[in-house]
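Q: Got a predicted structure here, sequence first:
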Amino acid sequence: MDFATSSAGYAAPAPSGPTTSVKIVVAGGFGVGKTTFVGAVSEISPLTTEAVMTAASDGIDDLSKVPDKTTTTVAMDFGRVSLDRELILYLFGTPGQNRFWFMWDDLTRGAIGAVVLVDTRRLADCFAAIDYFEDAGLPYIIAVNCFDGVLSHEMDDVREALSVQADVPIVTCDARSRESTKLTLIRLVEHAMSRFAAMR
Amino acid sequence: MTGGRTRARYQLAIEALVTTTPQGRNAGYGLMPEHQRICELCIEIKSLAEIAALMRMPLGVARVMVGDMAESGLIAVQQPGSAEGKPDLALLERVLLGLRNL
Ligand SMILES: Nc1nc2c(ncn2[C@@H]2O[C@H](COP(=O)(O)OP(=O)(O)OP(=O)(O)O)[C@@H](O)[C@H]2O)c(=O)[nH]1
Ligand SMILES: [Mg+2]
């Protein structure tokens, strides 16, 4: 399906009305480049918002790292991109520690989809995120962050290693590059649209 | 009405947009300091997440405060997306176009 063609003629000004927001989730393992990705395309420097989980223990697997065991603060970064005069895209990076699942429902509810950032040296770090999006039925794509350049045979192995279905796009990206992150987001939105079309 | 109040609070999306109403702009000194600051912040539209971050409040605290302020008419809240809480195809087209034009 080629949305480049179908939307080529869609140059009408945004419908006037109240400003609307949409969001995209940027997920992946610890230190994989989520904040860098958000910052590369955001018009503001990424902000951090915190959520507090009280009476913890559920969902935390390593309490020794949590000094106060009754409350835990989870930080997530986000950025903002004005897409037209009345449409704002928010990009939310998931908390680095995937074990704080209580944030994820808030992050994913109503989202367009998710970019799962992957470092080929630590593929397993993204398994939990992929499982979550599969379960939630949220469209996602895999973006291999090319830290030191990725060999093509590694790319071939990625789909198999992650065992994602054939229709899930796998792209490479440079999280530091605005152009590259932009293209990755475009790929995700196209994927979400094709999923939408397939469902009707 | 009371049922709607609780629902509106807890369903407020992190990307929901908040704008100060004329009433909020003119409210001035009678307000709690936090409410006053949120009224100032949201003269230019902000998401719930931005309010929490800029006010250095946990998300849950900001969510309750924004719900209260919306109820007293100081701010207007625009929930995101479309009908079933999922962006529809027309909105996705707009997002795609916006990204291509960046
Ligand atoms: N060489 C290279 N370095 C990168 C790239 N992307 C990110 N980095 C670096 O990798 C480090 C981690 O990046 P972050 O963006 O902080 O990663 P993160 O996923 O937000 O990390 P956590 O939030 O701690 O999980 C930083 O020092 C980045 O500068 C990349 O594409 N290439
Ligand atoms: Mg980060």
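A: Here it is on my side, so go on. Ligands and ions are numbered 1, 2, ... in the order given.

Q: what's the average pLDDT for stretch A:177-185?
A: Taken as a whole, stretch A:177-185 has a mean pLDDT of 97.

Q: Figure out how far that stretch is from the centre of its chain.
A: Offset of stretch A:177-185 from its chain centre (Cα atoms, centre = their mean, to the nearest Å): 13 Å.

Q: Whether that stretch contacts ligand 1 - can you check?
A: No. Judged by Cβ under 6 Å from any ligand atom, stretch A:177-185 stays clear of ligand 1, getting no closer than 7.9 Å. Heads up, the C-betas are built off the backbone N, CA and C, glycines and all.

Q: What lies in contact with that stretch?
A: Residues outside stretch A:177-185 that contact it (Cβ atoms under 8 Å, 6 or more residues apart in numbering or on different chains) are A:24, A:37, A:40-41, A:91, A:115, A:141, A:143, A:171, A:173-175, B:99, B:102.

Q: Pull out the buried members of those.
A: For these, a burial check counting by 16 or more other Cβ atoms under 10 Å in any protein chain shown picks out A:24, A:37, A:40-41, A:91, A:115, A:141, A:143, A:171, A:173-175, B:99, B:102.

Q: and the residues you listed as JSON lines, adding secondary structure and distance to ligand 1?
A: JSON lines is the format used below for the buried ones among the contacts of stretch A:177-185 (DSSP: H, G, I helix; E, B strand; the rest coil; distance: Cβ to the nearest ligand atom, whole Å):
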{"residue": "A:Ile24", "secondary structure": "strand", "distance to ligand 1": "15"}
{"residue": "A:Phe37", "secondary structure": "helix", "distance to ligand 1": "7"}
{"residue": "A:Ala40", "secondary structure": "helix", "distance to ligand 1": "9"}
{"residue": "A:Val41", "secondary structure": "helix", "distance to ligand 1": "13"}
{"residue": "A:Leu91", "secondary structure": "strand", "distance to ligand 1": "12"}
{"residue": "A:Val115", "secondary structure": "strand", "distance to ligand 1": "12"}
{"residue": "A:Ile141", "secondary structure": "strand", "distance to ligand 1": "17"}
{"residue": "A:Ala143", "secondary structure": "strand", "distance to ligand 1": "10"}
{"residue": "A:Val171", "secondary structure": "strand", "distance to ligand 1": "13"}
{"residue": "A:Cys173", "secondary structure": "strand", "distance to ligand 1": "8"}
{"residue": "A:Asp174", "secondary structure": "coil", "distance to ligand 1": "5"}
{"residue": "A:Ala175", "secondary structure": "coil", "distance to ligand 1": "4"}
{"residue": "B:Leu99", "secondary structure": "helix", "distance to ligand 1": "20"}
{"residue": "B:Leu102", "secondary structure": "coil", "distance to ligand 1": "19"}
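
Q: So which bits of the longest helix along chain A are buried?
A: In chain A, with assignment by DSSP state H, the single longest helix is helix A:178-199. Buried residues in helix A:178-199, defined by neighbour count with 16+ other Cβ under 10 Å: A:180-194.

Q: what do you get for stretch B:14-30?
A: Across stretch B:14-30, burial judged by 16+ other Cβ under 10 Å covers B:Ile14, B:Glu15, B:Ala16, B:Leu17, B:Val18, B:Thr19, B:Thr20, B:Thr21, B:Gly24, B:Ala27.

Q: Would you mind confirming that the third one makes contact with B:Ser47?
A: So that's B:Ala16. Yes. At 6.5 Å, B:Ala16 counts as touching B:Ser47 under the criterion of Cβ atoms under 8 Å.

Q: what touches both of the two?
A: Residues within reach of B:Ala16 and of B:Ser47 at once, by Cβ under 8 Å, 6+ apart, are A:Ser21.

Q: Now for A:Thr20: which residues touch it?
A: Shown in contact with A:Thr20 (Cβ under 8 Å, 6+ apart): A:Glu86, A:Leu87, A:Ile88, B:Leu17, B:Gln78, B:Pro80, B:Gly81, B:Leu91.

Q: Identify the bridge partners of the residue sitting nearest the centre point of chain A.
A: Taking Cα atoms, centre = their mean as the criterion, A:Val26 is the residue nearest the geometric centre of chain A, at 2.1 Å. Per DSSP bridges, the residues bridged to A:Val26 are A:Gly93, A:Val115.

Q: If I follow the layout properly, it ends up in contact with A:Thr36?
A: No. Contact criterion Cβ under 8 Å: A:Val26 and A:Thr36 do not qualify, at 9.7 Å.

Q: Need the overlap of contacts for the two.
A: Counting by Cβ under 8 Å, 6+ apart, A:Val26 and A:Thr36 have no contacts in common.

Q: on that earlier part again, ok, of the contacts of A:Thr20, which one's closest to ligand 2?
A: Ranked by distance to ligand 2 (Cβ to the ion), the contacts of A:Thr20 are led by A:Ile88 at 21.2 Å.
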